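[1] The sequence and its predicted three-dimensional model are supplied below.
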Amino acid sequence: MNISEYKGILVFAEQKDGIIHKVSYELLNKASQLSKELKAPIYSIVLGPNNMKVDELIYRGAQEVFYVEGDEFNEPQELLYKENIVAFIKKLKPEICLFGATSFGRSLAPRIASGLGTGLTADCTDLIIDSDRKLVQIRPAFSDNILAHIKTKTYPQMATIRYKEFEEAERNIGAIGKVTKIESVDYKNNLIKVIKEIKSDTTDITEAEVVVAGGRGVNTTEGFNMLEELARLLGGVVGASRTVVEEGYISSSQQVGYSGNRVKPKLYIACGISGAPQHIAGMKESLNIVAINTDPSAPIFNIANVGIVGDIYEILPKLIKKLSSR
Ligand code: FAD
């Protein structure tokens, strides 16, 4: 591999309905810091619906935006995205590629890394450049007990970065950059057949102000219907521990924790969740935590502002009745 062929920092901009996810602006902010040290250009790539507005990425610091247009890109289809992005990266040869560690970014980035035959550091919390011009990717390890500093030998150096870790890049409406349309690759997905669609909340859980989360103590459909009703009354969304995601009660996009989403709502209601370190890693920064659990020694009570020892099947109906009558 000839490392000198690789130049620039590429930020993958995630979008939904043509609206860029804020994590992309956070990545552009970090890219701007790195580019000053590397003296490297900042590129961004976005795949999205027809007539999408991409200038916002220029205002946030990208010097050149590449975009692929097509309504099929409005669905988060990893394989379709992967085929397009791998082909593009092979041509552009950026030295660094950054993805948001969102639900989609976490699923997409490893596929791209594998398509490129390069390494990937997932869930980074910081990035720095060392004296050899190498990217040092920093991420918590061993249940957040140490901060690992990781360098990849392969190029491009790829990382996913947690959402809300950096400030968004400032918006400069006078910024000038280049916008280049690239053609979509011819790809037909013969690998996936949809056999069951798991219902997922349409609101992004990482943006919600109220999260009503359920764990193994709620493992019935009736229990999750109650959580949905409570979330609706509070203007929030339903979250979950990994256990119930694995049991198929709720989509993985709603998982909170170390291997799920990191949330910081104003109110987090943990229902029938024990409070394993891997769950707490994703919600401990919530402003107010209410825990409902039958076991008074459940670790979730150690971080709760309000703890209720009791059965959710007795407590939640009362709470829902009270809120419904307001
Ligand atoms: P449990 O630990 O079984 O707790 C259920 C709780 O419900 C108990 O405290 C019980 O007292 C209470 N309960 C039972 N019935 C009732 C009732 N009727 N009313 C009220 N309370 C009741 N987990 C995550 O959540 N997110 C992650 O991202 C995540 N990532 C992981 C990554 C790795 C590498 C590993 C190894 C594990 C990860 N886990 C994650 C799993 C984690 O370790 C725990 O196993 C999981 O969080 C436990 O889920 P839980 O609290 O729902 O279940």
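    In hand now; what should we look at? Numbering: from 1, shown residues only.

[2] going forward, measure contacts between C-alpha atoms and count neighbours the same way
    Noted.

[3] give me the low-pLDDT residue ranges for the stretch 101-250 of the chain?
    Low-confidence segments of the stretch 101-250 of the chain (pLDDT under 70): 190-202.

[4] How about the residues of it by the ligand?
    The stretch 101-250 of the chain has residues 215-217, 241-243 near the ligand, with proximity defined as C-alpha under 6 Å from any ligand atom.

[5] Just the buried residues of those residues.
    215-217, 241-242 (16 or more other C-alpha atoms under 10 Å).

[6] Which member of those residues is positioned nearest Ile129?
    The closest of these to Ile129 turns out to be Arg242 (C-alpha to C-alpha; 34.5 Å).

[7] who's in contact with the closest one?
    Residues near Arg242 by C-alpha atoms under 8 Å, 6 or more residues apart in numbering: 215, 252, 255-257, 260, 279.

[8] change it to 10 Å
    Neighbouring residues of Arg242 by C-alpha atoms under 10 Å, 6 or more residues apart in numbering: 214-216, 248, 250, 252, 254-260, 278-279.

[9] my guess is Glu183 meets Val68, correct?
    Yes - with contacts counted by C-alpha atoms under 10 Å, Glu183 reaches Val68, the gap being 6.1 Å.

[10] And these two? Which one has more around it.
    Val68 (21 against 12; other C-alpha atoms under 10 Å).

[11] Quick check: pLDDT value at the more buried one.
    The confidence metric pLDDT takes the value 96 at Val68.

[12] same thing with Arg262?
    pLDDT, Arg262: 89.

[13] Ok, the one 3 residues further on next?
    Model confidence at Pro265, expressed as pLDDT, equals 96.

[14] Which residue is the nearest non-sequential neighbour of it?
    Leaving out its chain neighbours, the residue that sits closest to Pro265 by C-alpha to C-alpha, 6 or more residues apart in numbering is Glu209, at 4.3 Å.

[15] same deal with Glu26?
    Glu168 is the one closest to Glu26 (C-alpha to C-alpha, 6+ apart), at 4.1 Å.

[16] send the alpha carbons of stretch 156-175 over as PDB?
    C-alpha atoms of stretch 156-175 as PDB (Å, rounded to 0.1, in the frame of the first residue of the first chain):
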ATOM      1  CA  PRO A 156      -8.000   4.700   4.900                       C
ATOM      2  CA  GLN A 157      -8.000   5.000   8.700                       C
ATOM      3  CA  MET A 158     -11.700   4.600   9.600                       C
ATOM      4  CA  ALA A 159     -13.700   5.400  12.700                       C
ATOM      5  CA  THR A 160     -17.200   5.800  14.000                       C
ATOM      6  CA  ILE A 161     -17.600   8.600  16.500                       C
ATOM      7  CA  ARG A 162     -20.300   8.800  19.100                       C
ATOM      8  CA  TYR A 163     -23.100  11.300  18.700                       C
ATOM      9  CA  LYS A 164     -23.000  14.400  21.000                       C
ATOM     10  CA  GLU A 165     -19.300  14.000  21.700                       C
ATOM     11  CA  PHE A 166     -18.200  17.200  19.900                       C
ATOM     12  CA  GLU A 167     -19.800  20.600  19.300                       C
ATOM     13  CA  GLU A 168     -21.400  21.000  15.800                       C
ATOM     14  CA  ALA A 169     -19.300  23.000  13.300                       C
ATOM     15  CA  GLU A 170     -20.400  26.600  13.200                       C
ATOM     16  CA  ARG A 171     -22.500  27.600  10.300                       C
ATOM     17  CA  ASN A 172     -20.900  29.900   7.800                       C
ATOM     18  CA  ILE A 173     -23.400  30.800   5.100                       C
ATOM     19  CA  GLY A 174     -20.600  32.600   3.100                       C
ATOM     20  CA  ALA A 175     -18.500  29.500   2.900                       C
END
